[in-house]
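Student: Requesting a structural model of the entry that follows:
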Amino acid sequence: MADGMSEEMPEDPLPLQQDLTCPVCRAIFRDPVLLPCTHTFCRECLQSSLRFSRRCPLCREEFEEGHDISNRALSSACETFLKHSSRVPSRRPEDSCELHCKPLELYCEKDETPVCVDCVTQHNTHKLWSLKEGAPMCKNELSFKVKIFEKKVESYKKITHKLNDAMEYVKYQAGEAEKRIKAEFERLYKVLITEEALRLKALANEEEQKVAEIQKLIENTNKDIEALSKLVDTLKKEIGNEDLPFLRNFQHLKRKAQWTDEEPCLSDDSLLDMGKHVGALSFQIWKNMQSHVEYYPVVLNPNTASPWLCLNGDLTSVKENPERLTTPDNPERFDPCVFVLGAEGYTSGRHRWDVIVNDIPKWIVGVCKESVARKKKFTLSTNRGVWCMGLSKGVYSALTPERTELQVQQRPERIRIKLNIDKGEVSFYNGGTGQHLVTLTHQFREKLFPIFGPGLHTKPMILAPGKISIHT
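Tutor: Here you go, the predicted structure:
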């Protein structure tokens, strides 16, 4: 009987089913929530509609966030209905509007989303297209993006090759630095070994001398002991004679019983001079090593050197390289300009260094600010953040915007640069004669680096070592 009744049931939804149906998705409520206006919706459906506005999807009444509450009684009723009913409609199709449950047939250009015909009122000021018109527009836009990203991929691949080259170059630098460090320590170690041998030899020589003197003193003392012992024996023997012979020989014995030699003792300098050998030993060794150590106020930074420049191992000279070196295109490297910077920058204080230019026909020396252009050609000038002097076509000039020609009495083989940042001065001198050449002034507000432009010549520009003095 029940089966027969079930077959004859109408297709229209039952009244109970209508009460348990979400007005948005047209399916049985899932996790229903109640709004202040007393309308109920699936939580998922309500959240989807809230993307457009915070109004009730049915009555359009506004409500504040957090004022929707779970309808637990309705949720329990829906669960009971689903357990005992086999005619529950499926949930809204994926290609239908979340708000109106109608097919998505239009595309909103502004919101960039498909909409149904009932959504037109909400998009009345927007440009709407059919799906056939909207899809190609979006595909064209993304295709343009794809082309950009494909170019990016190729660019990134090239960058990867450059990064791999940079990594290999870092390994090469580390290897060269390791060789240099080991060689320098080996050289200094040999100096220390030689110094040790000299000091041990001096110690051994003084020890031998002092020991020989004390041994001679011991020998002389032993001879005195032997002579004194014989004298004692003689006197004892005479004292044992009878009175008359003893008294007759007394004067002779008295004259014989004399000892005029001084008592042996150590001289004032008989011990080792320990102060000379071990006093302040480490300082004395360090002091004696001055002749084996050179101090350079400035050394070069190879990471800034143009690929056309070659630096020596201790970074104190630079000259043209016959072929362009394979170096990483790191941001701090000059290219195409043929320059190199000092390794240390300055923000305060006074600094001085000498550059040996000899007979190089074209060069520049001075200082520049840290932000000076590295990857493009530029005119060297004070208004470009470079304070230099140089030689070109036989004329010495200060590199001011109008190129100030300098009167040089004698061709300088060495240029001395004095930098006083606090006073805002860069001064240039003939390092051989002391003649002042020019002083450039500026209020320095950025870190400054020594800059060197040796030109493309086979003769090197050399940094002169500074003087070392020890103050105690």
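
Student: can we go C-alpha only for contacts and neighbour counts from here?
Tutor: Fine.

Student: Please, which helix or strand holds Glu208?
Tutor: Element membership for Glu208 (DSSP states H and E) is helix 131-239.

Student: For Ile421, give me its contacts.
Tutor: Each residue near Ile421 by CA atoms under 8 Å, 6 or more residues apart in numbering is listed here: Thr347, Ser348, Gly349, Arg350, Phe444.

Student: Recalculate using a threshold of 6 Å.
Tutor: For Ile421, the contacting residues are Ser348, Gly349, by CA atoms under 6 Å, 6 or more residues apart in numbering.

Student: Kindly report the same for the one 3 residues further on.
Tutor: Gly424 is in contact with Thr441, His442, Gln443, counting by CA under 6 Å, 6+ apart.

Student: any idea how far it is from Asn312?
Tutor: For Gly424, the distance to Asn312 (CA to CA, to the nearest Å) stands at 32 Å.

Student: Kindly report the same for Glu332.
Tutor: Distance from Glu332 to Asn312, counting by CA to CA: 20 Å.

Student: ok, of the contacts of Gly424, which come out buried?
Tutor: Of the members of the contacts of Gly424, none is counted as buried by neighbours, 16 or more other CA atoms under 10 Å.

Student: Tabulate these (a markdown table), appending secondary structure and pLDDT.
Tutor: Converted to a markdown table, those look like this (DSSP: H, G, I helix; E, B strand; the rest coil; pLDDT from 0 to 100):
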| residue | secondary structure | pLDDT |
| --- | --- | --- |
| Thr441 | strand | 95 |
| His442 | coil | 95 |
| Gln443 | coil | 95 |
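
Student: would TSV of the residues you listed with distance to Ser229 be doable?
Tutor: Listed next are these as TSV, based on distance: CA to CA, whole Å:
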residue	distance to Ser229
Thr441	94
His442	95
Gln443	94
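
Student: Cys119: which of the residues you listed is nearest?
Tutor: Gln443 (66.6 Å; CA to CA).

Student: Tell me which residues touch that closest one, please.
Tutor: Gly424.

Student: Skip ahead from the helix or strand bottoming out on mean pLDDT in the chain and say which helix or strand is next.
Tutor: Within the chain, confidence by mean pLDDT, DSSP states H and E is lowest for helix 2-7 among all helices and strands, at a mean of 39. Using DSSP H and E, the helix or strand that follows helix 2-7 in sequence is helix 15-19.

Student: What pairs with the helix or strand that comes right after that next one, parallel or antiparallel?
Tutor: Of the helices and strands lying after helix 15-19 in sequence (DSSP H and E), the nearest is strand 32-34. Under the criterion DSSP bridges, strand 32-34 sits next to strand 40-42 (antiparallel), strand 69-70 (antiparallel) in its sheet.

Student: Among those strands, which comes closest to Gly455?
Tutor: Per CA to CA, nearest to Gly455 of the strands paired with strand 32-34: strand 40-42, 79.3 Å.

Student: model confidence over the closest one, on average?
Tutor: The average pLDDT for strand 40-42 rounds to 89.

Student: With just CA atoms, put the following helix or strand past it into CSV.
Tutor: Counting by DSSP H and E, the next helix or strand C-terminal to strand 40-42 is helix 43-49. In CSV, the C-alpha atoms belonging to helix 43-49 read as follows (Å, rounded to 0.1, in the frame of the first residue of the first chain):
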residue,chain,number,x,y,z
ARG,A,43,25.5,29.5,5.6
GLU,A,44,27.4,28.9,2.4
CYS,A,45,24.7,30.6,0.3
LEU,A,46,24.6,33.6,2.6
GLN,A,47,28.4,34.0,2.5
SER,A,48,28.3,33.8,-1.3
SER,A,49,25.7,36.6,-1.5
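
Student: ok, and for helix 43-49, which residues are buried?
Tutor: Applying 16+ other CA under 10 Å to helix 43-49 flags Arg43, Glu44, Cys45, Leu46, Ser49 as buried.

Student: repeat for stretch 288-300
Tutor: Applying 16+ other CA under 10 Å to stretch 288-300 flags Val298, Val299, Leu300 as buried.

Student: Could you export those residues as JSON lines, including distance to Cys101, secondary structure and pLDDT?
Tutor: Shown next, in JSON lines, are the buried residues of stretch 288-300 (distance: CA to CA, whole Å; DSSP: H, G, I helix; E, B strand; the rest coil; pLDDT from 0 to 100):
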{"residue": "Val298", "distance to Cys101": "78", "secondary structure": "coil", "pLDDT": "97"}
{"residue": "Val299", "distance to Cys101": "77", "secondary structure": "coil", "pLDDT": "97"}
{"residue": "Leu300", "distance to Cys101": "74", "secondary structure": "strand", "pLDDT": "98"}
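
Student: Phi, psi for Arg374 please.
Tutor: phi -120, psi -30 (degrees, to the nearest 10).

Student: Isn't it up against Phe334?
Tutor: Yes - under the criterion of CA atoms under 6 Å, Arg374 makes contact with Phe334 at 4.6 Å.

Student: higher neighbour count, the two?
Tutor: Taking neighbours as other CA atoms under 10 Å, Arg374 and Phe334 compare with Phe334 leading, 24 against 20.

Student: Could you check how far that one is from Ser306?
Tutor: Plainly put, Phe334 is 5 Å away from Ser306 if you go by CA to CA.

Student: before we move on, what about Gly349?
Tutor: 29 Å.

Student: When the two are compared, which one has more neighbours?
Tutor: Ser306 (26 against 10).

Student: what pLDDT does the more buried one get?
Tutor: Ser306 carries a pLDDT score of 96 in this model.

Student: returning to what we had before: between the buried residues of helix 43-49, which is closest to Phe452?
Tutor: Ser49 (69.0 Å).

Student: Tell me the pLDDT of the closest one.
Tutor: 77.

Student: Give me the nearest residue to it, chain neighbours excluded.
Tutor: Leu99 (6.0 Å; CA to CA, 6 or more residues apart in numbering).

Student: again with Asn312
Tutor: Nearest residue to Asn312, sequence neighbours excluded (CA to CA, 6+ apart): Val318, at 6.6 Å.

Student: I'd like to know how many residues surround the one you found.
Tutor: By other CA under 10 Å, 26 other residues sit near Val318.

Student: Please consider this matter closed, and thank you.
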